[in-house]
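> Need the 3D shape of this:
(chains A and B)
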There are 2 protein chains.
Amino acid sequence: MRLTLHTDYSLRVLMYLAVFPDRLSTAEQIAAAYGVSHNHITKVVQTLARLGLVETLRGRNGGIRLAKRPEQISVGAVVRATEEDFDLVECFRSKTSCAISPACRLQGALRDALAAYLDVLDDWTLSDIAANRSGLARRLGAH
Amino acid sequence: MRLTLHTDYSLRVLMYLAVFPDRLSTAEQIAAAYGVSHNHITKVVQTLARLGLVETLRGRNGGIRLAKRPEQISVGAVVRATEEDFDLVECFRSKTSCAISPACRLQGALRDALAAYLDVLDDWTLSDIAANRSGLARRLGAH
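Down below sits the predicted model:
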């Protein structure tokens, strides 16, 4: 059971921007800080902009910044929006081939479990996970 | 976020055996009932036998049956044992390359969320998810 890299990197980009709120950052800086591909970060930034979580300013002095305050960004909401699917098992999809699907109560158990998982993440904000700002800045700041 | 097919099929095999407690079943029957590969079911049965959840009797009249009563088999325990990894994000692995790992509180949030997920599944037994035995038998029984 894993989250996609897209979700992982989305959270990392948001954390980076939360750590440096007083400047515009670039995808290059973020990619270098985490040692991941610039292309991947660019795609993640596009997703986050579409979700209204970051703003991108074009031009020579352009860059990326948070569109909301960190305490207004829920980790649960980010995971719900960036994770492509929560189809824990095959019968969660609209077309299932599992013979017992209508009579099986596993789906209910897994839906309850998933709700509990996301409920916990709804209690955390970007501000919480980036609370150690000086420690994070030291680790990200060389780039 | 998905469970592996191995976990999905493990739960399905256990449900099949719970529905027909008074006979020995074969991997062929179970594979046919769900329309999945016999090879995959055989591997799942090996895992379940290793975990002490099913017994396999060899020979012409051999077959597979539950090694415990359905109410003694926790869905949470099955998922914990069959799911290969719960490394929700890269930094859960022993060797992480994420620059901020020591200062980041996301890992704690995700660990709490995963614990809540598994806690819910711990409250369900095989007996619960296979409670609609007649409905399940009708859907599985043609094979």
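
> Tell me the helix or strand right after the lengthiest helix in chain A.
Counting by DSSP state H, the longest helix found in chain A is helix A:106-122. Using DSSP states H and E, the helix or strand that follows helix A:106-122 in sequence is helix A:126-129.

> how about the nearest residue to residue A:125 once chain neighbours are set aside, secondary structure?
Using C-beta to C-beta, 6 or more residues apart in numbering or on different chains and skipping residues adjacent in sequence, the residue nearest residue A:125 is residue A:71, 5.1 Å away. For every residue, glycine as well, the C-beta is placed using N, CA and C. Three-state assignment for residue A:71 (DSSP: H, G, I helix; E, B strand; the rest coil): helix.

> and residue A:124, how many neighbours?
22 (other C-beta atoms under 10 Å in any protein chain shown).

> isn't there a strand covering residue A:94?
No: secondary structure of residue A:94 (three-state DSSP): coil, not part of a strand.

> What's the separation between it and residue A:101?
Using C-beta to C-beta, to the nearest Å, we find residue A:94 at a distance of 11 Å from residue A:101.

> who's more crowded, the two?
Each of residue A:94 and residue A:101 has its neighbours counted (other C-beta under 10 Å); residue A:101 has more, 15 against 5.

> can you pull the pLDDT of the residue lying closest to the more buried one once chain neighbours are set aside?
Excluding the flanking residues, the one nearest residue A:101 by C-beta to C-beta, 6+ apart is residue A:91, at 4.7 Å. Reported pLDDT at residue A:91 in the predicted model: 79.

> Distance from the chain centre to the helix or strand of chain A at the bottom of the mean pLDDT ranking, please.
Lowest mean confidence among the helices and strands of chain A (mean pLDDT, DSSP states H and E): helix A:133-140, at a mean of 91. Helix A:133-140 sits 19 Å away from the centroid of its parent chain (C-alpha atoms, centre = their mean, to the nearest Å).

> other SSEs contacting that helix?
Under the contact definition 3 or more C-beta pairs under 8 Å, 6 or more residues apart in numbering or on different chains; DSSP states H and E, helix A:133-140 sits against helix A:5-19.

> Distance from the chain centre to the helix it packs on, please.
Its chain's average C-alpha position is 6 Å from that of helix A:5-19, according to C-alpha atoms, centre = their mean.

> Flag every buried residue along the helix or strand following that helix.
Going down the chain from helix A:5-19, the next helix or strand is helix A:27-34, by DSSP H and E. Buried positions in helix A:27-34, judged by neighbour count with 16 or more other C-beta atoms under 10 Å in any protein chain shown: A:27, A:29, A:30, A:31, A:32, A:33, A:34.

> got the angle for helix A:27-34 vs helix A:133-140?
Orientation check (axes from the mean of the first three to the mean of the last three C-alpha atoms, to 10 degrees): helix A:27-34 against helix A:133-140 gives 100 degrees.

> Outside of helix A:27-34 itself, list whatever touches it.
Residues outside helix A:27-34 that contact it (C-beta atoms under 8 Å, 6 or more residues apart in numbering or on different chains): A:9, A:12-13, A:16, A:37-38, A:40-42, A:45, A:64, A:140, A:142-143, B:98-100.

> That helix - what's its average pLDDT?
Averaging pLDDT along helix A:27-34 gives 94.

> Distance from it to the middle of the chain?
16 Å.

> angle of that helix against helix A:5-19?
With the same axes, to 10 degrees defining the directions, helix A:27-34 sits at 100 degrees from helix A:5-19.

> continuing past helix A:27-34, what's the next helix or strand?
helix A:38-50.

> and the following helix or strand past that following helix, what does it pack onto?
Counting by DSSP H and E, the next helix or strand C-terminal to helix A:38-50 is strand A:54-57. In terms of contacts (3+ C-beta pairs under 8 Å, 6+ apart), strand A:54-57 is packed against helix A:5-19, helix A:38-50, strand A:63-66.

> re the thing from before, when you filter the contacts of helix A:27-34 down to buried only, what's left?
Among the contacts of helix A:27-34, those classed as buried by 16+ other C-beta under 10 Å are A:9, A:12-13, A:16, A:40-42, A:45, A:64, A:140, B:98-100.
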